[in-house]
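Engineer: the amino acid sequence is not available; the structure is as follows:
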């Protein structure tokens, strides 16, 4: 007998995407990126955090003046595999004019796949949870704002706990408050 | 138009890739069988040479088992495109693959109606077989024109990958009709590069060069 195929066979995972920009008009670009995220097939963005400003991360010893970042985090549900979702994020970055080169360089837009359900995923070019998210206040605070109970699959602490514990990652300040997790 | 090589022979693939004209690879069970090597070894070699879409074919006939195969093939490498036959169960599998973001190449397409269904199901590529239609007295390239018109009419994003190309005329017509990709056997790639007048001209230049005093 043929096994029935239905929507339920395709898992849907809750995902979190970090968004950042520090070139041009960062706030407008972060908002534009969110519009692009909403266009991705098989991804439903459910909440977007408030918009925060943070100081750029630079390597030790760097004395250049680097523009501040605007950051936000979006969460949603997807049936896409992590690599397929990442490919979509990279296409948006490319479409918005970013060329990925150096780690610390300023960028028009930066989209990071932070979390994919409770999964741990390690592949060349893609690690989930995002390996540096625990050290970034501009990721943890927005995430804690919209999904405080989400447990980090490696350290087994909630986003609220992690955001409350972080030290020495620079201050962030709220620029524009999100209304019920949605900016419009 | 992108060019894929329709081969599982790593030496052919290396040669064609070295010419700088190859964007991807298509394989099928018959081509893999011809190599006499293990499937995994063949795939590993191809992935190491070509950084572009590599179509690997499923060999089951029910949607659930095709999807299971597709998941395994897609997990091999991000460039893998899963080939799925154009049958009812195949369409169901293509729909589920699209939801997971697994790229698919819907193969064994012989009619415009089939191609429209594949695009609706969410196939990344559709592979109409032109040479095999010619074999039964239908003009294979007419199918490419029809699919191109239908996909353009409705803004369907599925890419037309012309398969079963037997000669340079099929190739040129594919480009003129605006097909997205042509997949070619190695010997056809070599035919494309050849022209008698190029050979005659080259011979004359080299003969004349010998007469130049040094």
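Structural biologist: Cool, the structure landed. Please read these numbers as outputs of a predicted model, since none were measured by experiment.
Engineer: interface residues of chain B facing chain A?
Structural biologist: When proximity is defined as CB under 8 Å from any CB of the partner chain, chain B approaches chain A at B:62-64, B:67, B:74, B:78, B:92-93, B:96, B:98-102. C-betas here are computed from N, CA, C, even on glycine.
Engineer: which members of those define the maximum pairwise distance?
Structural biologist: Spanning the widest gap among the residues of chain B next to chain A are B:62 and B:78, at 26.3 Å by CB to CB.
Engineer: which strands and helices sit next to the helix or strand containing residue B:197?
Structural biologist: Assigned by DSSP states H and E, residue B:197 belongs to helix B:196-211. Contacting helix B:196-211 under the criterion 3 or more CB pairs under 8 Å, 6 or more residues apart in numbering or on different chains; DSSP states H and E is no other helix or strand.
Engineer: ok now it, how far from the chain's centre?
Structural biologist: 35 Å (CA atoms, centre = their mean, to the nearest Å).
Engineer: what does stretch B:5-21 rub up against?
Structural biologist: B:3, B:22, B:24-27, B:31-32, B:34-35, B:42, B:45-46, B:49-50, B:163, B:165, B:183-186, B:189, B:193 (CB atoms under 8 Å, 6 or more residues apart in numbering or on different chains).
Engineer: I meant stretch A:144-158, not that one.
Structural biologist: Contact partners of stretch A:144-158, identified using CB under 8 Å, 6+ apart, comprise A:14, A:16, A:47-50, A:73, A:75, A:115, A:118-120, A:129, A:134, A:143, A:159-160, A:162-165, A:178, A:181.
Engineer: mind giving me the PyMOL command for buried ones among these?
Structural biologist: Applied in PyMOL, the following selects the buried portion of those according to 16 or more other CB atoms under 10 Å in any protein chain shown:
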select buried, chain A and resi 16+47+48+49+50+73+75+115+129+134+143+159+160+162+163+178
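Engineer: in strands, which of the contacts of stretch A:144-158 appear?
Structural biologist: Among the contacts of stretch A:144-158, the residues falling in strands (DSSP state E) are A:14, A:16, A:47-48, A:73, A:75, A:115.
Engineer: the residue in chain A that chain B sits nearest to: helix or strand, and which one exactly?
Structural biologist: Closest approach between chain A and chain B, counting by CB to the nearest CB: residue A:84, at 2.2 Å. For residue A:84, the host element (DSSP H and E) is helix A:82-95.
Engineer: buried sites along that helix?
Structural biologist: A:82-86, A:88-89, A:92-93.
Engineer: tell me the contacts of residue A:123?
Structural biologist: Residue A:123 neighbours (CB under 8 Å, 6+ apart): residue A:83.
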